[in-house]
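*Asks:* here is my input, please return the structure:
(chains A and B)
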Amino acid sequence: MKRTVLLLAILAMMPGAVLGAQQPAPPGGAQADFVPVNTLPPQADQLPAAPLVIGAYAFVWVALMAYVWLLWKRMTKVERELADLQRRVQQH
Amino acid sequence: MSRVFVPLLLIAMVLFASAPLVVANTPVEQTMGLVQKIFYYHVPSAMLMFVSAFVCGIASAVYLFRRSPAADRVAAAAGELVVLFGLIVLVTGPLWARKAWGVWWEWDARLTSALLLWMIFLAYLLVRRFGGPGSEKLAGAMALFGMANVPFVYFSVNYWRTLHPKTSVVPTLAPGMRGAFWFCVAAFVILYVLLLTLRKRLEDRQATVEQLYLALED
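*Replies:* As a prediction, this is how the structure comes out:
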């Protein structure tokens, strides 16, 4: 009988112990007041646009500059080859 | 030609250097916000991708039907510029879409057809580069198909359901946005003319080199 009462007492205490472990007290204690939604600070933009705009403009500039540089490099190579060939044709 | 080239180069440099300042002074769009400013570089690039595809296609048709080597060299120069401006469109578009639509890419009619157009001209360059002797004719035919694809890409936003803004956006631009947009278009057009001239000159020089090699062999 004593064992049964003891077992029941332990079982009755368990949910409280489990809940107590799962739900720690809020840091500021219980909520003291309700805040109307129109007084909250404005939500920050989730995805800022500035890096995307700067990235797009930077890509255009880099792509165009890289193409001009490649074109200039190819032109220099062909001009050198052309001068060499013209010299060889004259010697021939 | 060099008398025109240097002033044009200076104008292009001034326009390009001042374009970001001009764009910074345009009004912010109501629904898309700051990210809409990508429009001022994205749309002129797309316009020149289409123009260059037409230049490449028409020059290829002249080469195929009249056997004009000079037309083939213009086509080669324009084909490369389709790929360059197409790359700019395909990179700046997703940067805009990420903020405006919440995704980098959407397989809708405009985006998919623009990607296909770009891939056709990329294939055009690869055929010219690695196709061996006689590949110019095959590449010319590909350029014709690429040019025929342009109207489908342009009107796709009006005929199919798509997230992309419609073609009516540019004619109905607000006065504060219109000036900056056409300023950027002018900068891109002048740059395009310069790049096409330079690239065509490179093709001419390469053709001369090939002729000299043949002369040496004889």
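*Asks:* could I get the buried residue list for the helix or strand where residue B:153 lies?
*Replies:* Taking DSSP states H and E as the criterion, residue B:153 maps to helix B:135-159. Buried residues in helix B:135-159, counted by 16 or more other CB atoms under 10 Å in any protein chain shown: B:136, B:139-140, B:142-143, B:146-147, B:149-150, B:152-154, B:156-157. C-betas here are computed from N, CA, C, even on glycine.
*Asks:* neighbours of the residue lying closest to residue A:79 once chain neighbours are set aside, how many?
*Replies:* The shortest distance from residue A:79 to any non-neighbouring residue, by CB to CB, 6 or more residues apart in numbering or on different chains, is to residue B:205 (6.7 Å). Using other CB atoms under 10 Å in any protein chain shown, the number of residues around residue B:205 comes to 17.
*Asks:* just how off-centre is the helix or strand harbouring residue B:205 within its chain?
*Replies:* Secondary-structure assignment from DSSP H and E places residue B:205 in helix B:175-217. Helix B:175-217 sits 12 Å away from the centroid of its parent chain (CA atoms, centre = their mean, to the nearest Å).
*Asks:* what is it packed up against?
*Replies:* helix A:50-91, helix B:2-24, helix B:39-66, helix B:69-100 (3 or more CB pairs under 8 Å, 6 or more residues apart in numbering or on different chains; DSSP states H and E).
*Asks:* around chain B, which positions in chain A sit nearby?
*Replies:* A:47, A:49-50, A:52-53, A:55-57, A:59-61, A:63-64, A:67-68, A:71, A:74-75, A:78-79, A:81-82, A:85-86, A:88-89, A:92 (CB under 8 Å from any CB of the partner chain).
*Asks:* can you report how many residues lie near residue A:46?
*Replies:* Residue A:46 has 7 nearby residues by other CB under 10 Å.
*Asks:* for the one residue sitting closest to the centre of chain B, what are its contacts?
*Replies:* Taking CA atoms, centre = their mean, the centroid of chain B lies closest to residue B:49, which sits 2.0 Å from it. Residues in contact with residue B:49 (CB atoms under 8 Å, 6 or more residues apart in numbering or on different chains) are B:82, B:85-86, B:89, B:117-118.
*Asks:* do residue B:83 as well
*Replies:* Counting by CB under 8 Å, 6+ apart, residue B:83 has contacts B:118, B:121-122, B:125.
*Asks:* any weak-confidence spans in chain A?
*Replies:* A:1-45 (pLDDT under 70).
*Asks:* how about a cut-off of 80?
*Replies:* Within chain A, the stretches with pLDDT under 80 are A:1-47, A:92.
*Asks:* what does stretch B:129-143 rub up against?
*Replies:* Contacts for stretch B:129-143 (CB under 8 Å, 6+ apart): B:53, B:56-57, B:59-61, B:63-64, B:72, B:75, B:79, B:120-121, B:123-124, B:127-128.
*Asks:* now with 10 Å?
*Replies:* Residues outside stretch B:129-143 that contact it (CB atoms under 10 Å, 6 or more residues apart in numbering or on different chains) are B:53-65, B:67, B:69, B:71-73, B:75-76, B:78-79, B:82, B:120-121, B:123-128.
*Asks:* now stretch B:178-185
*Replies:* Contacts for stretch B:178-185 (CB under 10 Å, 6+ apart): B:15-16, B:18-27, B:37, B:39-45, B:47-48, B:169-173.
*Asks:* need the contact list for residue B:56.
*Replies:* By CB under 10 Å, 6+ apart, residue B:56 lies in contact with B:74-82, B:121, B:124, B:139-140, B:142-144, B:146-147.
*Asks:* for residue B:207, see how far away it is.
*Replies:* 17 Å (CB to CB, to the nearest Å).
*Asks:* so who does residue B:48 touch?
*Replies:* So residue B:48 contacts B:55, B:81-82, B:84-86, B:88-89, B:185, B:188-189, B:191-192, B:195-196 (CB under 10 Å, 6+ apart).
*Asks:* and the residues you listed, which are buried?
*Replies:* B:55, B:81-82, B:84-86, B:88-89, B:185, B:188-189, B:191-192, B:195-196.
*Asks:* looking at those, spot the one nearest residue B:165.
*Replies:* residue B:89 (13.7 Å; CB to CB).
*Asks:* check which helix or strand residue B:163 maps to.
*Replies:* Counting by DSSP H and E, residue B:163 is part of no helix or strand.
*Asks:* burial check on it, number of neighbours?
*Replies:* Residue B:163: 14 neighbours (other CB under 10 Å).
*Asks:* my read: it touches residue B:94, true?
*Replies:* No. Residue B:163 is beyond contact range of residue B:94, at 12.0 Å (criterion: CB atoms under 10 Å).
*Asks:* give me the number of residues near residue 92?
*Replies:* All of this refers to chain A. Counted with other CB under 10 Å, residue A:92 comes out at 8.
*Asks:* chain B is the one I meant
*Replies:* Residue B:92: 25 surrounding residues under other CB under 10 Å.
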